[in-house]
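Q: After the sequence you'll find the predicted model.
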Amino acid sequence: MESSEFHAEFPLRDYDLATTLTSGQAFRWKQMGDGHEGVIGNRWVRLHVQENRLHATTTAPVDDWGWLTDYLQLAVDLPAVLGSFPDDAPLRAATTACPGLRLLRQDQWECLASFILSSTKQIVQIQQCVALLCERFGEAIIGPEGTTHFAFPTYHRLAAASEAELRACKLGFRAKYLRGTAQMLVAREVELAALVQQTTDNARASLMRFPGVGRKIADCVLLFAYGRQDAFPVDVWVLKALRTLYFPKRQPTSKRLMHFAATYFGPNAGYAQQYLFHYVRTQVPKLRKRKKGG
């Protein structure tokens, strides 16, 4: 089966697409040639940047490209966001090393499910689990030249799957958590759309009702799917960033670091977190090797 293609262009300013798509927020993007391909909702999409313009291609008819501009958060004034950060050496280094890094605005269910699968896994492993889950339980999408891609499976579909079927997607112990979460959503014990109206603290508490969802996963979902800038996910990389960059000569407790994170970074703390996370994950080891090498 052949498919038509639909194209659009958008001006870009202060936006590094490749860094944004590979910075550990979302797990369905693949670099293909000079661009990236992935699935947003029920649409296959290819993105590439040329001369400060974003070129988008999809195989589903498009009346309004708002689904894409919202996902990519193209309207965000990044200089204003960066200007709200504390003026300190670590954040200056992080923003200099990762220019144009943005936050995405993802589907609430897909984001929640993906981060449930992220527990104790590296990014490449999460990508593999998500890909298998989509292939086995997601709706087929026709891509260019008749290629087949898959939407992220609905929670109704995963609630109906057995734990063994989910474990076959290399989910391990996370299969039980994902299935239990899907079943809670089917039963409307928590409604993800309703969290938009709740305070961050209440929304976090609602998310933490799901099996396998602790503070870190809840904060990831609040930041990447709900745009809550007061959410500051703290994982081993962020703890490393805080200890290495802000307390190099001390050994603060995790509780002290959590308090510091909650009070220091200002109104766009979530954005600051993503810069620190990506910087320490990709740059700090290199910096240490340079120092050792003289």
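A: Noted; the coordinates are in hand. Because the structure is predicted, anything quoted here is derived from the model rather than measured.

Q: Could you use CA atoms for every contact and neighbour count after this?
A: Noted.

Q: Tell me where the stretch 51-200 of the chain has helices.
A: Applying DSSP state H, counting those that start in this stretch to the stretch 51-200 of the chain gives helices spanning 66-72, 78-83, 89-97, 108-116, 123-137, 155-160, 163-167, 174-186, 200-207.

Q: Now render those helices as a markdown table, adding distance to Thr58.
A: Output for those, formatted as a markdown table (distance: least, Cα to Cα, whole Å):
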| stretch | distance to Thr58 |
| --- | --- |
| helix 66-72 | 10 |
| helix 78-83 | 26 |
| helix 89-97 | 32 |
| helix 108-116 | 20 |
| helix 123-137 | 19 |
| helix 155-160 | 25 |
| helix 163-167 | 29 |
| helix 174-186 | 29 |
| helix 200-207 | 33 |
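
Q: Quick one: those as TSV, columns for mean neighbour count and distance to Ala218 too.
A: Formatted as TSV, those follow (neighbours: other Cα atoms under 10 Å; distance: least, Cα to Cα, whole Å):
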stretch	mean neighbour count	distance to Ala218
helix 66-72	15	19
helix 78-83	13	23
helix 89-97	16	24
helix 108-116	22	8
helix 123-137	19	17
helix 155-160	17	17
helix 163-167	17	22
helix 174-186	21	13
helix 200-207	18	6
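
Q: closest to Arg28 out of the ones you listed?
A: helix 123-137 (6.4 Å; Cα to Cα).

Q: residues making contact with the closest one?
A: 24, 27-28, 114, 117-118, 149-153, 157-158, 166, 169-171 (Cα atoms under 8 Å, 6 or more residues apart in numbering).

Q: That one to helix 108-116, inter-axis angle?
A: Helix 123-137 and helix 108-116 are oriented at 130 degrees to each other (axes from the mean of the first three to the mean of the last three Cα atoms, to 10 degrees).

Q: returning to what we had before: just the buried ones out of the contacts of helix 123-137, please.
A: Neighbour counting over the contacts of helix 123-137 (16 or more other Cα atoms under 10 Å) leaves 24, 27-28, 114, 117-118, 149-153, 158, 166, 169-171 as the buried ones.

Q: that older thread, make a markdown table out of the helices of the stretch 51-200 of the chain and add distance to Arg46 and mean pLDDT.
A: What follows is the helices of the stretch 51-200 of the chain, written out as a markdown table (distance: least, Cα to Cα, whole Å; pLDDT from 0 to 100):
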| stretch | distance to Arg46 | mean pLDDT |
| --- | --- | --- |
| helix 66-72 | 11 | 98 |
| helix 78-83 | 23 | 97 |
| helix 89-97 | 26 | 95 |
| helix 108-116 | 19 | 98 |
| helix 123-137 | 17 | 96 |
| helix 155-160 | 26 | 98 |
| helix 163-167 | 28 | 97 |
| helix 174-186 | 29 | 98 |
| helix 200-207 | 32 | 98 |
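
Q: need the longest strand for the protein.
A: strand 43-50 (DSSP state E).

Q: Quick one: distance of that one to the chain centre.
A: Relative to its parent chain, strand 43-50 has a centroid offset of 17 Å by Cα atoms, centre = their mean, to the nearest Å.

Q: any idea of the mean pLDDT in that strand?
A: Across strand 43-50, pLDDT averages out at 96.

Q: Check which helices and strands it is in contact with.
A: strand 35-40, strand 53-58, strand 140-142 (3 or more Cα pairs under 8 Å, 6 or more residues apart in numbering; DSSP states H and E).

Q: Other residues contacting it?
A: Under Cα under 8 Å, 6+ apart, the answer for strand 43-50 is 17, 34-39, 54-60, 141-143, 149, 151.

Q: Appreciated, that's everything.
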